[in-house]
Each structure stands twice: as structure tokens, then as C-alpha cells.
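Peer 1: sharing a model that was predicted from the sequence below.
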Amino acid sequence: MNANEQGLRQIGTRPPRPDGVDKVTGRARYGADYTLPGMVWGRVLRSPHAHARILGIDASAALALPGVLAVVTAEDFLAEPKGDVASGEAEIESGDLSRNVMAREKALYHGHAVAAVAATTPRIAAAALAAIRVDYEPLPAVLDLDAAMAPDAPLLHADMFTRGVDPEPRAASNVAAITTFQRGDLDAGFAAAEVVVEGTWCSPMAHQGYIEPQACLACVGPGGEVEVWCSTQGPFMVRASVALLLGLDVADVRVIPTEIGGGFGGKTTVYLEPLAVALSRKCGRPVKMQLSREEVFRATGPASATRAWVKIGARADGTITAMDARLEYDAGAFRGSPFIPGAMSIFACYDVPNQRAVALDVVTNKPKVAAYRAPGAPQAILASECALNELAARLGIDPIELRLLNAAREGSRTIYGAAFEAIGLVECLEQARRHPHYAAALQANQGRGVAAGFWFNAGLQSSAAVHLTENGKLLLEEGSPDIGGSRAAMALIAAETLGMPYASVKPAVVDTSGIGYTDLTGGSRTTYATGYAVIEACRDLIAKLCARAALEWGVDAARVGWRDGAACHPDAPGTTLDIVALTRLAARTGGPLSGYGSVNLKQVAPAFAVDIADVEVDPETGASRVVRFTAIQDAGRAIHPDFVEGQMQGGAAQGIGWALNEEYRFDARGVLENPGFLDYRMPVASDLPMIDTVIVEVPHPGHPLGVRGVGEAPICAPMAAVTSALNQAAGTSIRVLHLTPSRVLAAIGARG
Amino acid sequence: MSIHVRTRINGQAQEFLCEPDQSALQVLRDTLGLTGSKEGCNSGDCGACSVLLDGTLVCACLVLGAELEGRSLATIEGIAEGGRLHPVQQKLLEHNALQCGICIPGIVVAAKALLDHDPDPDETAVRYWLAGNLCRCTGYDKIIRAVLDAAATMRASGGAP
């Protein structure tokens, strides 16, 4: 049912975003754009070793420099903070969070923070860093999965014993955990198979690549009250993290989210904020800190490098009988790669009775990974979807047909136990099959790949408040930073629910002291959960408006209806009081009019996407490019279709980049060799074609409007679609990404 | 030793003091409070600090503050004249072509520079012209469409923004 059929008037339209003018004129203020009187500058000293014991730090020479106001080291943070921070999809334990923001016993990766300074100018701060003496004992570093898992591997953490192994291991290991999801009987499934495909696909460590480096401004007052302005996906996460690491009460910490210049999961944890607060507390001045691009690459969470082995068996008619996977995720320096969601999502598209996914979380001397858009899923789905395309070729069955034969539907059970409610995978596959792109002729040296992707889409906790102004406009307050146009979605939802014009709704992302707790902008949850809270807040307001009208009319409030932005008299058809009229009556009917909504949505809102990619390969150079791309996705309900399409297009571009362009390259000492946009080559405008989109709307049963969330599913399948397309174009079977010209050329040469 | 610089920024005479190694971007953002130009890389790779120096598109992070002496600089703050949005700005809004928006000041300045010198670019020309402006959110699709639409609008109205 589309928006119109459901009687929706504003949901599904495409008005300009409320914050748009500020953003096209340079007025919008991002993390690095704030200053305060008396402000000083903070900088971070970073480890020159990938693995080293810290024997001592002497900051006396730095502190003696004129203009240097404070130095902090690990001693200024709690070593074993008590409590957890809800960081959404990016797991990190409290003690590890403390050690990641500031190295304690050891530096665990090149670029790991070991001290921070505050000084009156950036220049003096830089000089102070050079004056800090750190006594290191360099240790051998482990830089990839094989080195980390070798029997005699140097250990990052002497107290790390592999979780999930029975009996509990006696020897410490770099394997932080192993987990297995399984249903059915794998042996029986493979015994029933007539065709089996098997292989190992590797994807590189890649960065979220947000254009705005992390930045913050912290101010600790004489009474200990803390204010932090920062660019983050989760102001409440920052509040909790700062309080946790510095032993503060969350009620004494106010976090003011600035506009955010991209995150993609990378801003779901803290790097600078605890340091800036600690420095400000020490020197009594506001402290501003911002990362350089090089620091962003070296020391903020990239996505895991992953090795994914997959085996799939099927009958000759295309019925898949068994799917098996072993997924090894490089977590970087601390446990907490997205190995669990990777294992849960890899086979979610398929209703196959026998499935298993074993996943490992492996630490290495590289930066601690952070969430990156559907964390863990693209790397896993690369393997399963490429394997399915190989299976389709072996069986002589169209790859979309093969997926339709085995597609998950309502009632299908997943590897993690849950059964799906209404989902839109089949609809997406059917849209793909009938799309003109799928039937279009390919030119010489071109290939076509299709792939399907899945992501859970979180619900969790959100708050929203609405207030009517004295002239009948609506102020809408939310705690979810707007990272991609969500203010527009919230305003549309409020306008629709109340029956008032979109232009009369003024949404604002407010600080942590201005709204109830809200989980971070991540997990594709903002339009789903915060949007739900907005509906609740508007319903609360409507109930009050009806009660005011009832008072005015002298009737029972329960009998007053609400339609088209007005209260309707129960006994006098046509007699109404609209929002403006009720606002005028507010003072004498009970005072200002507000509504409040808060939700904790425990249910996920599964989203599926299908991509079609055409790739052209130059057989003489091995260079490749995507020449056509179509992204199809079930949004449940597209509140604002422009921004839904934008998510689909952006996710496609990131997946294309991960396949064709992007990779962290480390030297033998663990030093990142490409910590800049010149050498870490994200797609630029001339690399890409237009990205066609098809929005499918199979309403999510757990949301009044059917919203599923859209942000993450778009990145799940492009890597697989592009890899399959390239291999078809070049006649190769490359399984190690990214698909550099030299790798492609070598594979073409080996093909003969 | 600080250097005394006299320049013009967005049509206004401007004086400032800067250090010899300070970039024009640092001067704009930290000294003059013109924070519309963004620092994404400080190496000329992302284009978020795109400005027009005597009409030529440059990255402010690659220009020294001292080099502004006697020159004329246009920044994102000066693109909308008298509060009236430039067609590129208007079309970016209408196409909802921005998500986080951090790259948009640079895109606006770069696209304006393109249309100043080529009123009728095709898609390929727009893509190559904007290849120096990284956007991680949008996949560029709606941005390219918005710039092409702005060009068409400007041609229809006789080239005046």
C-alpha cells in the first residue's frame, strides 16, 4: 500500500530540508566551528610504534614551555571504569575504551594516543608534543589475521582468553572470541546437494571516510559542570563515555551536538572528548581539539579486514540445501569487531534449513575498528553473494531466479532463531528482474553482477518533545543528530500526525540537557525509532488539544475527535477548533501546549536490498569502472523519498569504493602508508555513473507508518555485485579485494 | 614574526595579521571567523575549503594567508548575494542533494566557478570539474543533477544568477 492509499498527505513528498539554507550558505556550524572566550588548543601525542610497552612519560619539559597549560596521560583517566556505554553497533568494553582513548600499559597501534596537551596556540601545542619524552620498549607487532592466530604469535593482551570455547582455554590468545550460529544439519544438507561451491573472499580494512574530522570543544566550570560541543552520532553516548572515563556524574555533563559532517558509524564512539574534558578540568580553560585527516586515518576506527570462507550446496533445480561460513574479523587493537552481526546477517536472505556461520574476533596491532554502516555485513555478504553467483553459473540458472527460489519471506526462520514478519526481499528481487537495467545489452569487456543484502535495523530508545508556539507553529525537539536529512523526516512525520503544514514544523536537535535519553544516530534507527517517538509526542499533544477543545465546548474530552489539524465537535458537525485557534485559547484553558514521546523499540525492522552492477574492465591495464548501477531496497515506508534515495546512492558509492579503490596499506612495522585522501582513494564524482534507485515499500508491521530505516542496507551488497561483475567482465575469479588494476591484470594473465 | 596583510574578502576590504606558515584556510576560520570553508584534509584533496582567488578556484588550505596580500577572495559566505541564493544553492536544496552537508560549501563554490566559465556543461564535464570535491554521503548523483539543473536555470534566465 503506498502513502497515498493509506491516506497520507505529506509522508512521501519531497520538500526541502528545514536546515538546508544554513548548509548551502556555510552558516551551519560543525564540530570545528565553535569557539569560546579564553579557549585554548589541545593536541594529541601518538605512538610511533605499532606495539610497545610504555615504560615512562616525562612531560616536565613540555609543561615548562611558555603557553603550555596542561598535559594529560592515562593517569588522568579511570583504568577500570565501572559501567557500560551503549554504543550501538560498535562494541567496546569500558576498560578498553579507557585504553583506546589513552594508551596505558602499552601502545597497541601506530598512532595510539599516549598523551595530550593544552596550550594557548596550536603552534605551542605542537612544540609541547615534541617536548614530551616517552620511554618505549618496542615489541613485535602482529599485523594480520594469520600473524595474530599463529601458535607463537606475540600477544596484544596477556589476559585475553578466547571466549566461546569449551572448555575455557588456559593459554592467552589474540582470538578474542569465537561464536557459532547454526540451525539444521549441515552434513545432511551437503549430502543432499548435487552442486557445491566453496571459496574464501577477503576484504581489506577500509575507513568510513567522513569528510569532517572529529572535533570538539570542552569547558569544565569551577563547580565541575562540564559542557562539550562535538560532532558525534551520539551525544548521550559522549555524555556517558566522558562520565565513565573521568568518574563524573552524567547529570553534570551536558553535551551539545554540533552539525555532523558524516559518520557512517565512525562517530559512534569517543576519541577526543574525554581528553578535552580532562585537559579543561586541569587548566580551567575551554579546550578545543580537532583531528587532522592523518590522525583520522591512523587512529579512528576503520572497518575490519575480513576473511570469509563460504560453502554452499544446492540441488540441480536450484534448491539450496546447505550454507556454511567461517568469518574471521580483524578487530584492531581491542576486542569488538562486528563478527556477531556479520555471522547473523550472512545468510539472512535465504530460507535454507541447514545453515551455519562461525565467526572469530581477532585482535591485531592496528587501530580499533569502529562501526561502519551495517558493521560486519558487507564483508560477509561479499562471500555469500559471490558464491551464489558462482553457484548460479554452475547450475545454469539466472542469479535472480536462484535467489527467488530460496528467498526469505514472512515466516522464514533465521540462523539466529528469529522468524521474519513481513519483509520485502522477494519484492526487491522481482523489481530487479523486471528492471530495464537487467535486460540491457552489455558492451565488450563489461560484466554484470547482482547481489542481495540484509540489515537488521535497530529500534532502541528515543525521546521527542513538541511545543506549540503562541502563533500555532510547532517546535519539535529531538536527541538524534541529523546526519542525512532526518530533521526533514521528523518534520514530515509531525506534520502528518498533527495535520499541519510541513513548513509550520521547526525541528531542532537539542542538547543532552534538553531532551530525554536517546540512543545514537546509528543502526538505521533514527527515522524508525525517533520518528516513532515523534508520533507519540504528537499523539500526546493531540490528546491535550482535544481536552482543551472539550473544555471550551463543555463536552466530554473522550468524545472529541481530531482530523485535518483540528478538534471536531462531537455533537455539532462542522464545528472545529484548529491548532491556531486552540493556541489562542491556551492561556485560559490550562497553559502552554506541549507533547512528549519516548519509546524503546525492542523489535528490529529488517531491510533487504538488491543491487545490479555493470563493470567495464580495460584488459590492457586492469583498470575497471562501474558503468551502470541500480539499487533496489525495501524502505518499509519512504518518509522522504529524496533522502531514502540519497542513502541508497551513498551506500552504493561506498560499497563500490570498498570493492574497487579503498584499502588500508600497512608497512612491515605497522605504519599506515596511505593516511590521506590522495592515497586512500575514495570515489570521486568522475569515477561514478548516476546510481538508479527503486524504492520498495513493504510496511514494517512494528511501526505505525511501516518505517524500516534505510541507512545501512545499501552498503551490504555492492561489493559482491561489483566483484561478480568485474570477474564476469574479465573472465577471472578474483576473491581478494580491493580489485586493483594490478590484481585484475595478473588474474587476466593467469587466465591465459 | 607576524605579517600584515591587506586583501579583499567577498568584496570587503580586510586586514589581518598572520604567521608566515598559516594557510589562508586557517586565517579564514581561526582569525576572521569565516567558518563556512571547511577543513577536511588540509592537503588539497577533498575540496571542502574551495574558494575563488581572483576568480580562480583553489583550495584555501593550499594558499598561505600571506599570499592574499593585494588579492581578492570569494568564499562560501559571499556566494548568496544580498540574501538571494545562487541557483546552485537553490537547486541543491530543491534536489535535496545534501546529506551531512560538510562538503557542500566547497561544492557550491566549485560549481559556481564551473558555471561562470562554462554555462552549458554536460554530465561528464560536471563530474570531472567536481572531481576535486569529495562527498562521502551522496554518491554524487543528486549533486550532479542539481548542478546541471542550475546551469539550465541560469541559461534560461540569460545567465544572471
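Peer 2: Everything's here; your move.
Peer 1: next, count neighbours for residue 148.
Peer 2: Just going to use chain A. For residue A:148, the neighbour count with other C-beta atoms under 10 Å in any protein chain shown is 26. Every residue, glycine included, has its C-beta placed from N, CA and C.
Peer 1: wait, chain B
Peer 2: 19.
Peer 1: ends of stretch A:704-721, how far apart?
Peer 2: Stretch A:704-721 has an end-to-end distance of 34 Å (C-alpha to C-alpha, to the nearest Å).
Peer 1: doesn't residue A:493 make contact with residue A:11?
Peer 2: Yes. With contact defined as C-beta atoms under 8 Å, residue A:11 and residue A:493 form a contacting pair (7.1 Å).
Peer 1: these two - which one has more neighbours?
Peer 2: Legend: neighbour count by other C-beta under 10 Å for residue A:11 and residue A:493, higher for residue A:493 (30 against 23).
Peer 1: any shared contact partners between residue A:11 and residue A:493?
Peer 2: Common contact partners of residue A:11 and residue A:493 (C-beta atoms under 8 Å, 6 or more residues apart in numbering or on different chains): A:639, A:705.
Peer 1: how about the residue of the stretch 51-200 of chain A found nearest chain B: what's its closest non-neighbour residue?
Peer 2: Closest residue of the stretch 51-200 of chain A to chain B, C-beta to the nearest C-beta: residue A:123 (7.3 Å). Residue nearest to residue A:123 in three dimensions, not counting chain neighbours: residue B:19, with 7.3 Å by C-beta to C-beta, 6 or more residues apart in numbering or on different chains.
Peer 1: element containing the spatially most central residue of chain B?
Peer 2: Of all residues in chain B, the one closest to the mean position by C-alpha atoms, centre = their mean is residue B:109, 2.6 Å from it. In this structure, residue B:109 sits in helix B:104-117 according to DSSP states H and E.
Peer 1: and the strands in the stretch 551-700 of chain A?
Peer 2: A:561-563, A:566-568, A:576-578, A:594-601, A:607-617, A:624-634, A:691-696 (DSSP state E, counting those that start in this stretch).
Peer 1: need these in TSV (columns: mean neighbour count and distance to chain B).
Peer 2: Listed next are the strands of the stretch 551-700 of chain A as TSV, based on neighbours: other C-beta atoms under 10 Å in any protein chain shown; distance: least, C-beta to the nearest C-beta, whole Å:
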stretch	mean neighbour count	distance to chain B
strand A:561-563	14	30
strand A:566-568	22	30
strand A:576-578	19	29
strand A:594-601	19	24
strand A:607-617	29	12
strand A:624-634	25	9
strand A:691-696	22	5
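Peer 1: can you lay out those strands as CSV showing mean pLDDT?
Peer 2: Formatted as CSV, the strands of the stretch 551-700 of chain A follow (pLDDT from 0 to 100):
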stretch, mean pLDDT
strand A:561-563, 97
strand A:566-568, 98
strand A:576-578, 98
strand A:594-601, 98
strand A:607-617, 98
strand A:624-634, 98
strand A:691-696, 98
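Peer 1: taking chain A, what residue is nearest to chain B?
Peer 2: Counting by C-beta to the nearest C-beta, chain A gets nearest chain B through residue A:26, at 2.2 Å.
Peer 1: skipping its backbone neighbours, what lies nearest that residue in space?
Peer 2: residue B:36 (2.2 Å).
Peer 1: which among the strands of the stretch 551-700 of chain A is found nearest to residue A:282?
Peer 2: Evaluated over those, closeness to residue A:282 peaks at strand A:594-601, with 36.8 Å, by C-beta to C-beta.
Peer 1: strand partners (parallel or antiparallel) of the closest one?
Peer 2: Strand pairing for strand A:594-601, determined by DSSP bridges: strand A:460-468 (antiparallel).
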